[in-house]
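1. sharing a sequence plus its predicted fold:
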Amino acid sequence: MPKPSVSARPDYRAARTRARRRSRRRRRQLRQGLLALVCCLLLARGAAFAAENALDALFLDEPAQQLPADTPASVSDRSEPPRLEPEGGLPAQTDAREALEDYLAQLPGRVSVLAVRPSDGLTVAWNEDEQYYAASLLKAPYALWLCRRTENGELDLEQPLGGWDGTAREALTAMIARSDNQATAALYTRWPADGESGFAAFLEELDIPPVHKARALSSETKITGTLSARDAMQVLKAMDDYFATGTPLAETLKQAFLNTQHEFLITDWPMAKKYGNWTGALHDIAIVYAPDPYYAAVLTDWGDPVKEAPEYRDYYREISARLTAFMES
């Protein structure tokens, strides 16, 4: 009897092997597809970037992605037109300066000159730090100090003043316009100016450094202390600043300086000025209201309160002419 046939048993191991191969093939194909997609995207981005640069080059008329070696300065970076040096740089100013300095070098005694034009800093200086007995020049900062205290409500210039026939304001005007010593004495007897009263601190506020002998006006000291042309310049600047406030008292004081009754510094313009004359001191300082205003200070040791030598006025007249030629050139 023939043996019955036996059906073949399925090979599961071979089937699993074939399935794994198909899976790996599909994953490989997927990775290749993704890689191809990424490459296409990168190529498209590069093409767009190149096109953008090409358009920039077309419209900006310069090579794409190429910076110029040298870029021009912006308007704010451009150099300003050249300005004169403070000492004066034009040929006419150089000549005027030399003419003034040559004359100053020939004069007797000690002489100091400092002049400044605020608008452009034009400056001429000669022995500007030399100290001289201040004499009546000290009345100028004293008047400023009294006015500041009045504006701050610390004192009243409208009250009658002992030792003076009138108000303190009238005495203040006379002290400046006529350099009246009686008015000055009446004022400093009522309001002494020294270290204890705050006058020394006021001078330091004006950038006038202290000296070995304190500057003061009082019954005990009378008028003491020294000033240099540089110190006098600080007084003139402070005067100008105070006048600019335009208060009624500032206008009164400015008019007093404009009405001064002496002639040492001479110009063709109005001047708010103050002089000082004593033994070893003959000074004149001024705000000169020229079309381009300037400050001028001349200090010397020529003074004599009893008899004024006529040559002193001649010296001042020549200094004025040469100083004007420089400052108004």
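-> Yep, that arrived. Quick caveat, the model's predicted, so the values are computed rather than measured.
2. which of the residues in stretch 110-121 are buried?
-> 111-117 (16 or more other Cβ atoms under 10 Å). All C-beta atoms are positioned from the backbone trio N, CA, C, and that covers glycine.
3. hmm, who's touching it?
-> Applying Cβ atoms under 8 Å, 6 or more residues apart in numbering, the contact partners of stretch 110-121 are 83-84, 86, 100, 104, 122-130, 132, 228-230, 232-233, 292-301, 319, 323, 326-327.
4. and what of stretch 140-154?
-> Here stretch 140-154 makes contact (Cβ under 8 Å, 6+ apart) with 155-157, 168, 172, 175-176, 184, 187-188, 191, 193, 198-199, 202-203, 206, 208, 217, 235, 238-239, 242, 247, 249-250, 253, 256-257, 274, 285.
5. which members of the residues you listed are positioned in strands?
-> Within these, residues falling in strands by DSSP state E are 217, 274, 285.
6. okay, now L187: neighbour count?
-> Applying other Cβ atoms under 10 Å, we find 26 residues neighbouring L187.
7. same check on the one 4 residues further on?
-> The burial metric for W191, expressed as a neighbour count using other Cβ under 10 Å, is 20.
8. tell me the contacts of A183?
-> Taking Cβ under 8 Å, 6+ apart as the test, what A183 contacts is 164, 170-172, 174-175.
9. let's see it at 7 Å
-> A183 sits next to 164, 171, 174-175 when contact means Cβ atoms under 7 Å, 6 or more residues apart in numbering.
10. looking at those, which is nearest L138?
-> Closest approach between the contacts of A183 and L138, by Cβ to Cβ: M175, at 10.7 Å.
11. does that closest one touch L187 like I think?
-> Yes - counting by Cβ atoms under 7 Å, L187 is a contact partner of M175 at 6.3 Å.
12. how is this protein partitioned into domains?
-> The record's domain parsing of the chain by automatic domain parsing lists 17-65, 91-327.
13. tell me, how many residues neighbour S219?
-> 10.
14. where does the spatially closest residue to G303 that is not a sequence neighbour sit, in terms of helix or strand?
-> Among residues not flanking G303 along the chain, L282 sits closest, at 3.6 Å (Cβ to Cβ, 6 or more residues apart in numbering). Here L282, judged by DSSP states H and E, is contained in strand 281-288.
15. show me what that strand is packed up against.
-> Taking 3 or more Cβ pairs under 7 Å, 6 or more residues apart in numbering; DSSP states H and E as contact, the helices and strands that strand 281-288 lies on are strand 132-133, helix 229-243, strand 271-278, strand 294-300.
16. can you give me the offset of the last one from its chain's centre?
-> Centroid separation for strand 294-300 versus its chain: 20 Å, with Cα atoms, centre = their mean, to the nearest Å.
17. repeat that for the second one.
-> Using Cα atoms, centre = their mean, the mean C-alpha position of helix 229-243 is found 14 Å from that of the whole chain.
18. who are the contact partners of D301?
-> For D301, the contact set (Cβ under 7 Å, 6+ apart) comprises 109-110, 132, 280-281.
19. recalculate using a threshold of 8 Å.
-> 109-110, 132, 280-282.
20. tell me the one of those nearest E263?
-> Nearest member of the contacts of D301 to E263, counting by Cβ to Cβ, is L282, at 12.6 Å.
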